[in-house]
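Engineer: Generate coordinates for the sequence data below:
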Amino acid sequence: MNQASDGAPSSLTLHVAEFVSARHEKSLPDNVIELGRKSILDGLGLALAGAACECGRIVNDYVHDLGGNRATCTVLGTGLKAPARFAAFANGIAIHAHDFDDTQLAMAPNRVYGLLMHPTAPVLAAVLAVAERDGLSGSEMTAGYHVGIEVCCKVAEAASPRHYQDGFHTTGTVGTFGAAAGIANLLKLTPVATAAVIGLAASQSAGLRENFGTMTKPFHPGRSAESAVVAADLVGRGFSAASNILEARRGFYHAACGGYDEAAIRGKLAAPWTFANPGISIKPHPSGSLTHPAMSAILDLIEQHNVKPDQIRQIRVGTNHHMPTTLLHHNPGNELEAKFSMQFSAAILALRRRAGLHEYTDEVVRLPEVRAMMEKVDFYVNDEADAAGFDKMTCIVDIVLTDGRRLQGRADFGKGSPANPMSWEEVAEKFYGCASYGGLAPQKAREVVAMVADLPSLPDVRKLTAKLTV
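Structural biologist: Reported below is the predicted structural model:
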């Protein structure tokens, strides 16, 4: 890791700003657009589902009470309009509310899974609000979205692992950079203005992992998206900020990370695009992404051997030593804690062979049979999983049956990862489920899927947001 030093600043922030300011509408590879549209559709569905949950309702009531005389942007899943900053805030929270949104993957063994960045929630919420406010095209929004995703993923990849290990939540911290980059691209800002937006956004970059399992975790990408809108609006009015905020001695990487690897950014933006390599993982379950490899292995074993709940004596899940610091709720008492519980996630699959929005609820978490099955789950640090490297989420699974049989499985990644991707049709089915959960009419849901499938051809994104109201 290279530490920034006092003296003449390097031009890393400007390097990023120059990439952001370039026009990318015609240079995006077809495979990157195809992968991105899946995450965009996924994010829109999650916003609909998130608006219907408790924290979504609280936030939407709050935004409603704020009012505003320039309320032009859609709070998805509602009939509410709000100024761009508050629509971005509400939609960012809603996309992450169920912890069902996509996840960056890492490129190096020490990266702690890419520092567990959820890129779409902050970036999509920010660029959608500004694109709707300004009547921009689907092509412009697509480019801004991809630029934002690229910046936040590469900024996260370069950060010292200390950033995440010591408690920062990258979706809140680094997500702010991605959202700011996406907006700056939409607004066609110069590199100098873009660097100022990034600098101002950086001073709003925040989010602490101790809040995992509470409503404050989804607050992080909501605040990231809002902070980016505020930064762009103020810079547009002449507000100033440091132009070297990434690399400076008192800048982001030194203050919040303890160092950085410049080689992970310089020359790497769109070379290749993150969506192409190492990829973005879409979730099949509304729980922390670290639960998913084990869940895939458990479900495969249960279905392959037709295991009934009363046949299970024990489920053992061995992982590396970082996983228990994130999956920290070993005896969850509610749905938010259950999302970060390997015990619940394994138990509910053993009992129901599914783990969706209707399983991660307070009522289900408290059922006696669920509590009893959780007692049978042994979640421990496994040496083999620990040695596999932190660019993987290796899980070693053993299901011990009452007749003495031992069913064994292993997974480095879960369903939805680039190694085992969800198809467009599978993502669309997930969208329809989320849309139904959020109360969107089936006809509107079908129209949204069709629009996102051909988003670069959409003349005005307001045609899309008009379909996302309930």
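Engineer: Report the contact partners of the residue most central in space within the chain.
Structural biologist: The residue lying closest to the centre of the chain (C-alpha atoms, centre = their mean) is His118, at 2.1 Å. For His118, the contacting residues are 96, 101-104, 171, 175, 221, by C-beta atoms under 8 Å, 6 or more residues apart in numbering. For every residue, glycine as well, the C-beta is placed using N, CA and C.
Engineer: rerun that using 7 Å as the cut-off
Structural biologist: 96, 101-103, 171, 221 (C-beta atoms under 7 Å, 6 or more residues apart in numbering).
Engineer: Neighbour-wise, which one of those leads?
Structural biologist: Greatest neighbour count in those, by other C-beta atoms under 10 Å, goes to Pro221: 36 neighbours.
Engineer: State the next helix or strand along the chain beyond the helix or strand hosting that one.
Structural biologist: Assigned by DSSP states H and E, Pro221 belongs to helix 216-236. On the C-terminal side of helix 216-236, the closest following helix or strand by DSSP H and E is helix 252.
Engineer: what's in contact with the very next helix or strand once past that next one?
Structural biologist: Where DSSP H and E defines the elements, the next helix or strand beyond helix 252 is strand 280-281. The contact list for strand 280-281 (C-beta under 7 Å, 6+ apart) reads 35, 39, 102-105, 119, 274, 289, 416-418.
Engineer: and strand 280-281, which strands flank it?
Structural biologist: strand 103-104 (antiparallel) (DSSP bridges).
Engineer: State the mean pLDDT of the partner strand.
Structural biologist: For strand 103-104, the mean per-residue pLDDT is 89.
Engineer: and after the lowest-mean-pLDDT helix or strand in the chain, which helix or strand comes next?
Structural biologist: Here the helix or strand of the chain ranked lowest by mean pLDDT, DSSP states H and E is helix 112-115, holding a mean of 57. The helix or strand immediately downstream of helix 112-115 is helix 120-134, counting by DSSP H and E.
Engineer: quick one: secondary structure of the closest residue to the residue nearest to the centre of the chain other than its chain neighbours?
Structural biologist: Sequence neighbours aside, Thr171 is the residue nearest to His118 in space, at 4.3 Å (criterion: C-beta to C-beta, 6 or more residues apart in numbering). Three-state call for Thr171 (DSSP: H, G, I helix; E, B strand; the rest coil): helix.
Engineer: What of the one 3 residues further on?
Structural biologist: Counting by three-state DSSP, the backbone at Val174 sits in helix.
Engineer: now the end-to-end length of stretch 21-31.
Structural biologist: With C-alpha to C-alpha, to the nearest Å as the measure, stretch 21-31 spans 22 Å from end to end.
Engineer: Flag every buried residue along it.
Structural biologist: Along stretch 21-31, these residues count as buried under the neighbour rule (16 or more other C-beta atoms under 10 Å): 21, 24, 28.
Engineer: Counting by contacts, list what the helix or strand encompassing Asp61 packs against.
Structural biologist: Using DSSP H and E, Asp61 maps to helix 54-66. The contact analysis (3 or more C-beta pairs under 7 Å, 6 or more residues apart in numbering; DSSP states H and E) places helix 54-66 against helix 84-96.
Engineer: coming back round to it: name the nearest of the buried residues of stretch 21-31 relative to Ile265.
Structural biologist: If you rank the buried residues of stretch 21-31 by distance to Ile265 using C-beta to C-beta, Ser21 comes first, at 15.7 Å.
Engineer: Please work out which residues outside the helix holding Asp61 touch it.
Structural biologist: Contacts of helix 54-66 (C-beta under 7 Å, 6+ apart): 50-51, 75, 78, 80, 82, 86, 90, 93-94, 97, 215, 218.
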